[in-house]
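J.: everything below, folded, please.
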Amino acid sequence: MTVTVRRFTQDQTSAWNAHNGTALNGHFLFDRGFMDYHADRFTDASLLIIRDDTLVATLPANVDGDTIHSHQGLTFGGLLTGRLSTDATLTLFEDCLNHYRQAGARKLIYKPVPSIYHRRPAEADLYCLFRVGAQLVRRDVTTTIDYRLPGELSSRRRRGVGKAQKAGLTVRTDSRWPEFWDILAQTLRERHGVAPVHTLPEIEMLAGRFPDNIKLFTAEQAGETVGGVVIFETADVAHAQYIASNRQGRDAGALDLLFSTLIKTYQPTKRYFDFGISTEEGGRVLNQGLLTQKEEFGGSAVMHDTYAIAL
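T.: Next up, the predicted model:
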């Protein structure tokens, strides 16, 4: 068996995307059409792993100084594999580490793809992390509904839905990104002093590139947008990427109506509905109010982990 580890170049885009489309833990986030929208902010250090002339794995990554990250511009992004044995994955993983060592890197920050996004179990990289002495340096808690055994909707959330309905709110699939982005930006600025990760032009561009994966749902009252949720959708998961409502929407229970509607909408076609993380300060602080709201819709805990590997 001959294994070659090669740094990604743009002429490999088609091969990269084809592999991502069939990898057991592939995701549209790893499509180069998504990854490269912010290529000017990161120095790409992604790898292609070729065995006997066949592309069998990829690793989305960037380099910052002497540290490799997988990948700072993505929520997660570990080794993306096809149907490889655990033993073969361990060998390929070590080949990747050797490649980075030879390039002068001293550390790898590794964010494995959470299990809910796997097309079938693909956690061999977690064993690889154990074998190479990786250290868990961050753990974030996301809240997820498993449609096979969902939790109960709390009485408080049911009251919120009823309140929104009485106030005349309606939910629609929308393309009015500017109205929602104004609400989102103001909410993040007032509550956290930050801006959305994506600018309005970026999210509109990405939604245009991935119309089946990136969707905006809004709550309206008398024709006015008062809240919304941006869904990042994969084959098995509907993930709430952005969530916000203005004061009018909060007073009327807009998010309760939105989530109640979306949970029902995706139940026939998805396995999971994911609300996103409720942790702050590198995972060491739990936002209890945010977590409780999500759990009251019937979700429970799934981990997003980050590891450090000394090279």
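J.: hmm, who's touching stretch 207-216?
T.: By Cβ atoms under 8 Å, 6 or more residues apart in numbering, the surrounding residues in contact with stretch 207-216 are 28, 31, 33-34, 173-177, 180, 203, 206, 228-234, 241. In this view, the C-beta of every residue, glycine as well, is placed from N, C-alpha and C.
J.: cool, and stretch 33-44?
T.: Residues outside stretch 33-44 that contact it (Cβ under 8 Å, 6+ apart) are 8, 17, 28-29, 46, 60-64, 71-74, 202, 205-206, 209-210.
J.: also stretch 288-302?
T.: Contacts of stretch 288-302 (Cβ under 8 Å, 6+ apart): 114-116, 141-146, 150-154, 156-157, 259-260, 263, 273-275, 278.
J.: again, 10 Å this time
T.: Outside stretch 288-302, the residues that touch it by Cβ atoms under 10 Å, 6 or more residues apart in numbering are 114-116, 140-147, 149-158, 160, 240, 243, 255-256, 259-260, 262-263, 272-280, 287.
J.: can I have the buried ones of those residues as a ChimeraX selection?
T.: Applying 16 or more other Cβ atoms under 10 Å to the contacts of stretch 288-302 leaves a buried subset, and the ChimeraX line that selects it is:
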select :114,116,140,141,142,143,144,145,146,147,150,153,157,160,240,243,255,256,259,260,262,263,272,273,274,275,276,277,278,279
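J.: take the contacts of stretch 288-302 and keep only those in helices.
T.: Secondary structure defined by DSSP state H assigns 155-158, 160, 255-256, 259-260, 262-263 of those to helices.
J.: take the contacts of stretch 33-44 and keep only those in helices.
T.: Those of the contacts of stretch 33-44 lying in helices (DSSP H): 17, 202, 205-206, 209.
J.: sorry, back to before: so which of the ones in helices among the contacts of stretch 288-302 comes closest to Gln12?
T.: Closest approach between the ones in helices among the contacts of stretch 288-302 and Gln12, by Cβ to Cβ: Leu262, at 36.6 Å.
J.: please report how far that closest one lies from Lys166.
T.: Relative to Lys166, Leu262 is positioned 20 Å away (criterion: Cβ to Cβ, to the nearest Å).
J.: cool, and Glu220?
T.: On the measure of Cβ to Cβ, Glu220 and Lys166 end up 15 Å apart.
J.: got it, and Asp212?
T.: On the measure of Cβ to Cβ, Asp212 and Lys166 end up 34 Å apart.
J.: before we move on, back to that, any of the ones in helices among the contacts of stretch 33-44 buried? List them.
T.: Using 16+ other Cβ under 10 Å as the burial test, the ones in helices among the contacts of stretch 33-44 include 17, 206 as buried.
J.: and the strands in the stretch 51-200 of the chain, which stretches?
T.: 54-59, 62-64, 67-70, 80-81, 107-110, 135-146, 170-174 (DSSP state E, counting those that start in this stretch).
J.: same list (the ones you listed) but as CSV, adding distance to Leu24 and mean pLDDT.
T.: Formatted as CSV, the strands of the stretch 51-200 of the chain follow (distance: least, Cβ to Cβ, whole Å; pLDDT from 0 to 100):
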stretch, distance to Leu24, mean pLDDT
strand 54-59, 10, 97
strand 62-64, 23, 97
strand 67-70, 17, 97
strand 80-81, 6, 97
strand 107-110, 17, 98
strand 135-146, 19, 98
strand 170-174, 30, 92
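J.: which one of these lies closest to Arg191?
T.: Nearest of those to Arg191, taken as Cβ to Cβ: strand 135-146 at 18.2 Å.
J.: who does the closest one pair up with?
T.: Strand 135-146 sits in its sheet next to strand 272-277 (antiparallel), strand 300-310 (antiparallel), going by DSSP bridges.
J.: quick one, what contacts the residue nearest to Ala134 when sequence neighbours are not counted?
T.: Of all residues not flanking Ala134 in the chain, Tyr307 sits nearest, at 4.1 Å (Cβ to Cβ, 6 or more residues apart in numbering). The neighbours of Tyr307, taking Cβ under 10 Å, 6+ apart as the test, are 70, 78, 108-112, 125-126, 129-130, 132-138.
J.: quick check on those: which are buried?
T.: Taking 16+ other Cβ under 10 Å as the criterion, what is buried in those is 70, 78, 108-112, 125, 129, 132, 134, 138.
J.: of all the residues you listed, which two lie farthest apart?
T.: Farthest-apart pair in the buried ones among the contacts of Tyr307 is Val132 and Arg138; separation 17.7 Å (Cβ to Cβ).
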